[in-house]
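[1] Mind folding the following:
(2 chains)
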Amino acid sequence: MSHVLHDIEKQIIQVLQSDPNLTEEKISQETKLSMDQIRRGVEWLRQKKLADVSESINISLSLGKNGLEALKNGLPERRLVTLIQDGPKTFDEIRSSLHGLDFNAAIAHAKKNHWISIEKTDTGSKISLKDSDADVPNDSDLIISKLGEGTIIPAEFDNTPLAEPLKSLMERPDFIITHEEKTKTVSLSETGKKIDLGKLDSGAIDVEADVPHVHAARIHPLKDTINEIRDTFVHLGFTEITGDLSQSSFWNFDALFTPQDHPARELQDTFYLQGLNAKQLATPTQIKNVSSAHKKGWRYYWDIQEAKKMVLRTHTTCVTIKHLADKKPDEARIFSLGRVFRNEKVSYKHLVEFNQVEGVVVGKHITLRDLMGIQKEFYRKIGLTKVKFWPTFFPYTEPSLQSMVYNEKLGKWIELFGMGIFRPEVTKPLGITKPVLAWGGGIERIAMLKFGLDDVREFYNNNLSWLRTASKCQ
Amino acid sequence: MPVIELSISRLQKLVGKKANKKQILDSLPFLGLDIESLEGNTVRVEYSPNRPDYSTDFGIALGLQGILGISKGILRLDIKKQGNYEIKVDSSTSKIRPFVTGIIARNGLLDNESVKQLINMQEDLHFGLGRKRKKSSIGIHDLDNISFPLKYTTTSREHRFVPLNSTKESSISEILRDSEVGRDYGSILGQSAKVPLITDIKGQTISFPPIINAALTTVTTKTKNLLVEVTGIDKQSAEDMLSVVVTILQGAGFQFSQLKVSGSKNSTPNFAPRSIVFDADPVNKILGLNISGSMLVSCLKKSRLDAVMKGKKIQCTIPRYRFDIFGGMDIVEEVALGYGINNLKPAWPASVHIGEKNMTSEKLDSISRLMTGFGFMETLNSTLTSNQTLYEMTNRNASQIISVTSSKSQEHTILRDSILPGLLENLSKNIHETYPQKFFESGTVFSTGSPIKETASLACVTASEETHFSEMKAILQSLLRIGFNIKCETKTLSKHALFSQGRVAEIIINGKIVGHIGELDSKVLENFRIRTRVVGFEIKLSGLIFD
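    You can find the predicted model right below:
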């Protein structure tokens, strides 16, 4: 087998063929390549099974803050002994002379070494010298001075008389600092050793090697689905209409025959805008006719003030109905797409703000079966082929159906768009005389299927690693 | 939508022997009942709020019998005029809750499951049709502890009786203050000194509508005979509510005697069905079908209505409890359900239409394409966001905020007036990802003005150690030039909350300020825990590239 090697790899192999075990640092020194290049080269060689890497941890010691102090002025217990060379002294005298040092530690260690004795007198405890050899430097002093010359490797002291005092010094705070250093020792594998660098073709590169991932800047995955749905509606002959996200209750509710005392209008589902009322509601005729439809159908006092309250639209239907009421087309295919709002608790399946699309067909001869057909074609275009319909209820359509699509991956039927024919109680007061067939629903649900998500919040987390890697599963 | 839990074997017993379990489960969705879950003998279905009769298995069984062809046409209510049951209404009720109606139901048997179903139905009726008991509310009582005639009157808030689920007497004020139902529904009575009360001839308190019944008439599984009363502010909705209860109780095997109601504009309830006459033609046309008149009649009967052909017209009889039927289009739905939605085959309309995108959508699309071309990742943020992100973290002036009332989420309380804060939040969430990071977002921003103004804006940011003002200006210039052939200038601005002093400019097009560009202020970045340099701009698109 012939090997295609990068120049870095070749240089590493070259030094290792003459010196079989080297650290990465050593290779870097030998080859004059940067550590970064060496690390990469070694990793490539390892993946190609041309080199082996063994990791080891080297521990070395150096002086800490208290150790450096001891190097300069002696260990605290040593300084204590010096203080009482000329005769016994009281605790207070010693404490003031040893200022800043750990007095207790000095006493404890001097006592442990049998250098001093403590005597209780009327004027307080006194410390006196016990061992006349106490001023002779011992193993601890030796270790401090050795460390003063440079770092030491603790393993070198194993099984020597210094091992025990070293351990004791390491236990004292801030005397000795332990350094752990990982080193990678690189050696060539059997195959690596056999490579004849002179025979390699120098012009070839490794075209089979793995390469890093690159990230494309891209349209947001949800936006991508929104665009696809918008395009699909246009393909099906629908023209887009738009409207404001903030709407008067009149267009969001009243025009759609939702009674003012209906639980759905209460705060729990709807975001009302604090202190904001619509200035211009609708034409006087529209207001009058909607008002009397409510009085007739629901038998209550219809209050125009209630209709003026501004809300964040709970559906795109308010845009559709206003368009139809203003234009009164005899025949039309229109759609409206955008953000809608629900005052709900956010969870893996609920957002307070999400996207909805709604298509409307107006025509003298249009039928419920036609609407089912358009919807089926819509699903086919976005890759959903198994579709069925069930009856359901929407306050402003009659009859109302919901569509179910089969998801192969989940192995079950999922409820998607709803559809229906606008109630005459909605259309008549607004002067819309031809049947209006509507269908639509949430877009995030479809995007979740497309991107294999089970938590809808992911779309709005804007997690860069997800944005960079999210891919369609159908 | 509300959900009800059903026992399949019980449902099967109610539907009749001819239906098996699979037929029942397969048919439920075609009545508009979505199956939520199925476990052993228990199925949970979601039903429509306009069909309170589906809040019990008795009502669902009626529907299933029809759709399965076991029993068709309307359920005739059998209400005897015998017996001397009467309630008299005192005119003092007219100011607070003017209407009462009711029925006597005898010789039935309520097992645990049936009591559960009745309570479920009662709650459902109270919430929807009763508008949380305000418009109308029901009381169901053990008939055998009551002495007729009854009186529907008013009393003071000091009146005392033993309320349901209690053993001791309380005053009405105490009930309103101390009990959960009192606190939940007491506001219906407002500040009125006099409150509604039903008493019997012995002077015993039967009910304090719309709050609570008396303990005296508690219904248990031993109860055989019932008094059902409905009070309300709307006579028709009170009778509608009663008609659902009567229909369901007939399904549960009760026999009925009339409760005579009189006084102060009240009258004995009328349960007679109504009739609608309609043309067969338009029904076929709207459904896209071509079925005969007799077939239409059969479809309606399967939907538990009655119908007869009268020449080209069809006369449809609708039972009282189907008050969800307003007119012709509701009949169309009943025909469709009786025909079977699964028998309706999707068609393709022949007419030709040419679809078009909205111009704003098109332009925003082309901006997205250009921005991704420049290497910017698109993000999406809520337009309903928080004070913290919009103002506190960015040190911006919060005097013109537009907020929503009673939001359930603290993170969604204020409509954004700028997109940049959201992008900074996006950078903040991604500080552990590799740099450079480049984001853009286009979308709606809000401002105050008769009463609210919505415009589209674009904002973008670059975060990296090496980025600088001129890099961002280059993007801005190229975007406007390539995309829309627009020339822009940047003019020094002395101060801006978001940007560093000396590194911020106004974006000017044709002499008009349309946005800002600059290096983000280090304190703002610190608030968002962003440790790299960030440059960005925000520009108003409405009025610039579209209206």
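[2] got a pLDDT number for residue 19?
    Because you didn't say which chain, this covers chain A. On pLDDT, A:Asp19 comes in at 87.
[3] Correction: the question concerned chain B.
    The predicted structure lists B:Ala19 with a pLDDT of 85.
[4] Can you give me every residue that contacts it?
    Contacts of B:Ala19 were listed using CB atoms under 8 Å, 6 or more residues apart in numbering or on different chains, and they are B:12, B:64, B:68, B:70. C-beta coordinates here come from the backbone N, C-alpha and C atoms, glycine included.
[5] So how do I select the buried members of the residues you listed in PyMOL?
    Applied in PyMOL, the following selects the buried portion of the contacts of B:Ala19 according to 16 or more other CB atoms under 10 Å in any protein chain shown:
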select buried, chain B and resi 12+64+68
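[6] Show me the domain layout of chain B.
    What the record gives for chain B is the domain set B:3-67, B:79-267, B:284-340, B:359-540, from automatic domain parsing.
[7] For A:Val361, name its beta-bridge partners.
    Going by DSSP bridges, A:Val361 is paired in beta bridges with A:Arg333, A:Leu437.
[8] wouldn't it be in contact with A:Leu371 here?
    Yes - the pair formed by A:Val361 and A:Leu371 meets the contact definition of CB atoms under 8 Å, at 6.4 Å.
[9] shared neighbours of those two, which are they?
    Where contact means CB under 8 Å, 6+ apart, the residues bridging A:Val361 and A:Leu371 through contact with each are A:Leu437.
[10] what's the closest of the domains of chain B to A:Gly411?
    Of all the domains of chain B, the one in closest proximity to A:Gly411, counting by CB to CB, is domain B:3-67 (15.3 Å).
[11] Which helix or strand contains the residue in the stretch 151-300 of chain A that chain B sits nearest to?
    Ranked by CB to the nearest CB, the top residue of the stretch 151-300 of chain A for proximity to chain B is A:Gly237, at 3.2 Å. A:Gly237 belongs to no helix or strand when assigned by DSSP states H and E.
[12] distance of the residue nearest to it when sequence neighbours are not counted from B:Asn213?
    For A:Gly237, the nearest residue in space outside its immediate sequence neighbours is B:His353; the separation is 3.2 Å by CB to CB, 6 or more residues apart in numbering or on different chains. Distance, B:His353 to B:Asn213, using CB to CB, to the nearest Å: 60 Å.
[13] hmm, stretch B:248-267 touching chain A?
    No - no part of stretch B:248-267 sits close enough to chain A to count as contact by CB under 8 Å from any CB of the partner chain; the gap is at least 14.9 Å.
[14] Give me every residue in the stretch 401-547 of chain B lying close to chain A.
    Taking CB under 8 Å from any CB as the contact definition, the stretch 401-547 of chain B meets chain A at B:402-409, B:411-412, B:415, B:426, B:429-430, B:433, B:437-439, B:444, B:446, B:450-452, B:454.
[15] Quick one: neighbours of residue 205, just the number.
    By default, I'm working from chain A. Close neighbours of A:Ile205, defined as other CB atoms under 10 Å in any protein chain shown, add up to 9.
[16] I was thinking of chain B, sorry if that wasn't clear
    Neighbours of B:Thr205 under the rule other CB under 10 Å: 22.
[17] ok, now how distant is it from B:Gly63?
    For B:Thr205, the distance to B:Gly63 - CB to CB - is 38 Å.
[18] Mind jotting down where the strands sit in the stretch 101-250 of chain B?
    Counting by DSSP state E, counting those that start in this stretch, residue ranges of the strands within the stretch 101-250 of chain B are B:136-142, B:150-156, B:160-161, B:170-171, B:194-199, B:205-208, B:212-213, B:226-232.
[19] Read off the pLDDT value for the residue of chain A positioned farthest from its centre.
    The outermost residue of chain A, judged by C-alpha distance from the chain's mean C-alpha position using CA atoms, centre = their mean, is A:Asp122 at 70.1 Å. At A:Asp122 the predicted local confidence, pLDDT, stands at 73.
[20] picking up where we left off before, could you tell me which of the contacts of B:Ala19 belong to helices?
    B:12, B:64 (DSSP state H).
[21] Tell me the one of the contacts of B:Ala19 nearest A:Phe91?
    Checking these against A:Phe91 with CB to CB, the nearest one is B:Gln12 at 95.2 Å.
[22] wait, the closest one sits on B:Lys22?
    No - contact between B:Gln12 and B:Lys22 fails when scored by CB under 8 Å: they sit 10.7 Å apart.
[23] and residue 408, how many neighbours?
    Since no chain was named, I'll use chain A. Residues within reach of A:Glu408, counting by other CB under 10 Å, total 10.
[24] Oops, wrong one, chain B.
    Neighbouring residues of B:Lys408 were enumerated by other CB under 10 Å; the total is 16.
[25] And the closest residue to it other than its chain neighbours, its phi and psi?
    Distances taken as CB to CB, 6+ apart place A:Lys345 nearest to B:Lys408, at 5.2 Å, with adjacent residues excluded. Main-chain torsions, A:Lys345, degrees, to the nearest 10: phi -70, psi 140.
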